[in-house]
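> prediction below, plus the sequence it came from.
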Protein chains: 2
Amino acid sequence: MLIQPRTLKGFRDYPPEIMIPREGFLEKARQVYRSYGFAPIDTPALEYTEILLGKGGEESDKQLYRFKDHGDRDIALRFDLTVPFARFAAEHIGKLGTPFKRYHMGPVWRGENTQRGRYREFWQCDFDTIGTTSNAADIEVALVIHDLFKALGIDRFQIHVNNRLVLNGLLEELGLAGQTGALLRALDKLPKIGREAVAAEMGEKAGVTADQSSRLLTLAETQGTNADVLDRLKRDFGGNAKAAEGIRRLDELIHVATESGIGEGKIAIDLSIARGLDYYTGAVYETFLGDLPAIGSVCSGGRYDNLAGLYTKQALPGVGASLGLDRLIAAMEELKLLSTAATPAPVLLVQFQAEHLGRYQSMPRSLRTAGIGVEVFPETKKIGQQLQYAEKRGFRLALIAGPDEIAQGVWKVKDLAQREEQSVATSDVAATLIRMLK
Amino acid sequence: MLIQPRTLKGFRDYPPEIMIPREGFLEKARQVYRSYGFAPIDTPALEYTEILLGKGGEESDKQLYRFKDHGDRDIALRFDLTVPFARFAAEHIGKLGTPFKRYHMGPVWRGENTQRGRYREFWQCDFDTIGTTSNAADIEVALVIHDLFKALGIDRFQIHVNNRLVLNGLLEELGLAGQTGALLRALDKLPKIGREAVAAEMGEKAGVTADQSSRLLTLAETQGTNADVLDRLKRDFGGNAKAAEGIRRLDELIHVATESGIGEGKIAIDLSIARGLDYYTGAVYETFLGDLPAIGSVCSGGRYDNLAGLYTKQALPGVGASLGLDRLIAAMEELKLLSTAATPAPVLLVQFQAEHLGRYQSMPRSLRTAGIGVEVFPETKKIGQQLQYAEKRGFRLALIAGPDEIAQGVWKVKDLAQREEQSVATSDVAATLIRMLK
């Protein structure tokens, strides 16, 4: 009796053609994070349920993979990387010291209902700077996101930034500071449901007048260059201390980004971004793809006042963002920007005669030291079958040495897409392959 | 009321000073695996318990993190990467085709009793070639292990190889084929309990005579160069068909490895390696560190006849090995071979005056494009405090521009270990840093 091989509902396997770009993205993200001094950390997949739930309450509870372990402990799989980071920081910050910059990439698990392109296990790639309220850290988050998308080979993207202090200042002015939560949640729906519906919700949920919601929505819908938006903000709301600080921080962000060589179009002040469901208190960030804005933000974050208040009395303000790796990969699949090769090595060495295996293994070893990945076909099947395998897997070149080539001291190099081949002296193989693979 | 921040028993956090070398090792392992054409895959952390337990029975059961999910499915966290690979192969091999070469790196979970240096969550780094019985694939496993340790910066290691066919042939000759399991399990204890005790166990558990166990142990203890051992094997056991095939495969492995430029000392035939607890049927591999042999094998594997017999009728023979990453890292910590830097960027840019933040961010951005990691200190603290931070984190160089340097168009570059500093023209900073970081 065979056991049926299958994955759980909401889970998936990653075959090579998806894992190759996935690993490439993770590597590039690591390089960018590191180049700014963010250091890697890792934490266990399993934590005490008490730590994961904190005050998060019932909504998270339903999504948790929660159970009792052999020691009857109430434990669960992490549902994000923020809560484990908060626990980690509370536990180790005395030793680590501040400021502390970390990145963390890994899987998280949520037992929520599965939708198209959403899975119950997915990766997050977070980076944060904690232990400082400095705007330099806020600005850096935008620079990191910018360099990240460039490194991922994506040119058409835009980082939208806002600062909750601006919204909070306005709400204060309007005497609506008490209804901040409901109003920001309504505001977040602006792109989806439009101005009228948002105004209606603001009236219902927060009891604001038509005039008040109009002022809020007019602010949120402010259009123009960053300079225009900043001028308008200073003119209309600069009198409120909170708003003024938010405006100052946005102004400095745009100024430093420009001086650092980032083009105007890449970072845009967008006053409609509230991230009302999150715990942000200052800068907020969202990132949209120019070719696929409809999938929503693929890299979001913001500034918060206190990361780990549930676990320690030490206030840990910080700022950071999270790359939605799986959403981004889904987008790139849709845009056909992903290679479909199922091999990480570009060259297949055809095995012609088993007695020459020494030669068939020593050539690839020297090519590998030159940075060229080479797979040796493990069997002496017919050359046609080996080349068929090479094409199916997506190899670009084949390297062949039969009795004639061996007698002449040459290798045949075959370009599998062009279906062209040439004879190359043994000593020239590495240089030829490097040239052809460029 | 604060929640106590803590990890579960048997689990640990990875702070930057451990994660930086850990990620470095994973990257190097990936590079080596890929350079041989092994392609990455990933599978879910959670699987149906039925799939994970297979016929593995009760022993594994106790170690499983097993529970019911929201849909009342009996599920568990994977305890290795082999069983998920078998399930994956059974499910997808029709589409993937053979031969199929994959690597898989990820955490696994076992609720076993914790010992020194052993955790309930740890990473495995497996690579396998399936769908072929060719000795070319067996040989390649040894080459991959060799290149892997070289890439990890470890020079003193030795790969021990054996072939179960040799042992099986001898047992056949001695009329002991029926007791193979008990005898190999006893043989595996040779390095730990010595010849006498192993002979005694063989007598007790398998009822073999003193003469029989002596012949077995004499074979296992055969010493000498690979050529000597092969000669002796051919002479003494070459008459048995099974043993002869095992000898032929070992002979070819040594021959091809030598022709591929691998020094004699790196791969050694070791007839005492049986891996009797595993399901191997041909080649077996273990890897020992010259400076720390006592920690046991840090990379082991072998050839098997049928990977996925529990899930499919398609026979999938294969060969592979697994790098014990966490054991290796523990060993390198003990050997003081790990850097203790807690930053992945070597340069700290001191923030002198907030109004120059544009300059303090644009210089690092151009240095990053030259491959130099630079962290900008987020606050304008006293320079002494910033340099203290830099030393604590393990930065190598500091980059400073106060009013004087800015007026002169230069940067001060400070070597933090040597406590020396120099002024460098803005246009020469990148070249100077590259030279100093070499």
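Received it, and whenever you're ready, just let me know what you need.

> can you read off the pLDDT for the residue in the stretch 251-400 of chain A that chain B sits nearest to?
Closest approach between the stretch 251-400 of chain A and chain B, counting by Cβ to the nearest Cβ: residue A:375, at 2.5 Å. In short, each C-beta sits where N, CA and C put it, glycine included. On pLDDT, residue A:375 comes in at 97.

> tell me which residue is most central in chain A.
Compute the mean C-alpha point of chain A, and by Cα atoms, centre = their mean the closest residue is residue A:323, 2.2 Å away.

> isn't that residue right up against residue A:30?
No: distance between residue A:323 and residue A:30: 11.0 Å, which falls outside the contact criterion (Cβ atoms under 8 Å).

> what does the stretch 251-400 of chain A put close to chain B?
A:252, A:255-256, A:258-261, A:308, A:310-313, A:342-345, A:348, A:351, A:354, A:357-362, A:364-366, A:368, A:372-379, A:389, A:392 (Cβ under 8 Å from any Cβ of the partner chain).

> among these, which are in helices?
If you go by DSSP state H, those have A:252, A:255-256, A:258-259, A:357-362, A:364-366, A:368, A:389, A:392 in helices.

> ChimeraX command for the buried members of those residues?
Buried members of these, defined by 16 or more other Cβ atoms under 10 Å in any protein chain shown, are picked up in ChimeraX with:
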select /A:252,256,258,259,357,358,359,360,361,362,364,365,368,389
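
> for the stretch 51-200 of chain A, give me the ranges with low pLDDT.
A:55-62, A:116-117 (pLDDT under 70).

> need the helices for it, in chain order.
In the stretch 51-200 of chain A, the segments counted as helices under DSSP state H, counting those that start in this stretch are A:58-63, A:82-96, A:135-151, A:164-173, A:180-187, A:190-206.

> to residue B:53, which of those helices lies closest?
Among the helices of the stretch 51-200 of chain A, helix A:58-63 comes nearest to residue B:53, with 26.6 Å by Cβ to Cβ.

> sorry, back to before: as a markdown table, the helices of the stretch 51-200 of chain A with mean neighbour count and distance to chain B would be great.
As requested, the helices of the stretch 51-200 of chain A are exported to a markdown table (neighbours: other Cβ atoms under 10 Å in any protein chain shown; distance: least, Cβ to the nearest Cβ, whole Å):
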| stretch | mean neighbour count | distance to chain B |
| --- | --- | --- |
| helix A:58-63 | 12 | 8 |
| helix A:82-96 | 21 | 4 |
| helix A:135-151 | 24 | 4 |
| helix A:164-173 | 22 | 18 |
| helix A:180-187 | 20 | 24 |
| helix A:190-206 | 15 | 28 |
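
> can you say which of the ones you listed is nearest to residue A:73?
Short answer: helix A:82-96, nearest of those by Cβ to Cβ, at 15.3 Å.

> which other helices and strands contact the closest one?
Applying 3 or more Cβ pairs under 8 Å, 6 or more residues apart in numbering or on different chains; DSSP states H and E, one finds that helix A:82-96 contacts strand A:46-48, helix A:49-53, strand A:100-109, strand A:121-130.

> which elements pack onto the second one?
Okay, so that is helix A:49-53. Counting by 3+ Cβ pairs under 8 Å, 6+ apart, helix A:49-53 packs on helix A:58-63, strand A:74-77, helix A:82-96.

> swap in the third one?
The contact analysis (3+ Cβ pairs under 8 Å, 6+ apart) places strand A:100-109 against helix A:16-35, strand A:39-40, helix A:82-96, strand A:121-130.

> which among those is found nearest to residue A:274?
helix A:82-96 (18.7 Å).

> distance from the chain centre to the closest one, please.
Computed by Cα atoms, centre = their mean, to the nearest Å, the chain-centroid distance of helix A:82-96 equals 22 Å.

> what angle do that helix and strand A:100-109 make?
Compare the direction of helix A:82-96 with that of strand A:100-109 by axes from the mean of the first three to the mean of the last three Cα atoms, to 10 degrees and you get 150 degrees.

> name the element residue A:338 belongs to?
Here residue A:338 sits in a region with no helix or strand, counting by DSSP states H and E.

> which residues are in contact with the closest residue to residue A:295 other than its chain neighbours?
Nearest residue to residue A:295 in three dimensions, chain neighbours excluded: residue A:331, at 5.2 Å (Cβ to Cβ, 6 or more residues apart in numbering or on different chains). Each residue near residue A:331 by Cβ atoms under 8 Å, 6 or more residues apart in numbering or on different chains is listed here: A:289, A:292, A:295, A:298.

> against chain B, how distant is the nearest residue to the first one once chain neighbours are set aside?
Just to be clear, that refers to residue A:289. Closest residue in space to residue A:289, ignoring its immediate chain neighbours: residue A:157 at 5.5 Å, by Cβ to Cβ, 6+ apart. Distance, residue A:157 to chain B, using Cβ to the nearest Cβ, to the nearest Å: 17 Å.

> in stretch A:341-358, what counts as buried?
A:341-352, A:356-358.

> from the chain's centre, how far out does it sit?
Distance of stretch A:341-358 from its chain centroid, counting by Cα atoms, centre = their mean, is 35 Å.

> can you give me the end-to-end distance of that stretch?
28 Å (Cα to Cα, to the nearest Å).

> pLDDT averaged over that stretch - what is it?
Here stretch A:341-358 scores 94 as its mean pLDDT.

> picking up where we left off before, can you get me a residue count around the residue of the stretch 251-400 of chain A closest to chain B?
Counted by other Cβ atoms under 10 Å in any protein chain shown, the residues lying close to residue A:375 total 28.

> just checking, it touches residue B:34?
No: using Cβ under 8 Å, residue A:375 makes no contact with residue B:34, being 9.6 Å away.

> so what sits against both of these two?
Both residue A:375 and residue B:34 are contacted by residue A:345, under the criterion Cβ under 8 Å, 6+ apart.

> OK, contacts around residue A:346?
Contacts of residue A:346 by Cβ under 8 Å, 6+ apart are A:372, A:373, A:395, A:396, A:397, A:437.

> so which of those sit within strands?
residue A:397 (DSSP state E).

> measure the nearest residue to residue A:423 once chain neighbours are set aside to chain B for me?
The shortest distance from residue A:423 to any non-neighbouring residue, by Cβ to Cβ, 6+ apart, is to residue A:410 (4.6 Å). Noted for residue A:410: a distance of 19 Å to chain B, by Cβ to the nearest Cβ.

> neighbours around residue A:224, how many?
12.

> show me how chain A divides into domains.
Domain ranges of chain A: A:16-334, A:347-437, per automatic domain parsing.

> can you tell me which of these is most buried?
Burial of these is given as mean neighbour count (mean count of other Cβ atoms under 10 Å in any protein chain shown); domain A:16-334 ranks first at a mean of 19.

> just the strands from the stretch 251-400 of chain A, written as ranges.
Counting by DSSP state E, counting those that start in this stretch, the segments of the stretch 251-400 of chain A that form strands are A:267-269, A:283-289, A:299-304, A:318-323, A:347-349, A:374-376, A:397-400.

> no more questions from me, cheers.
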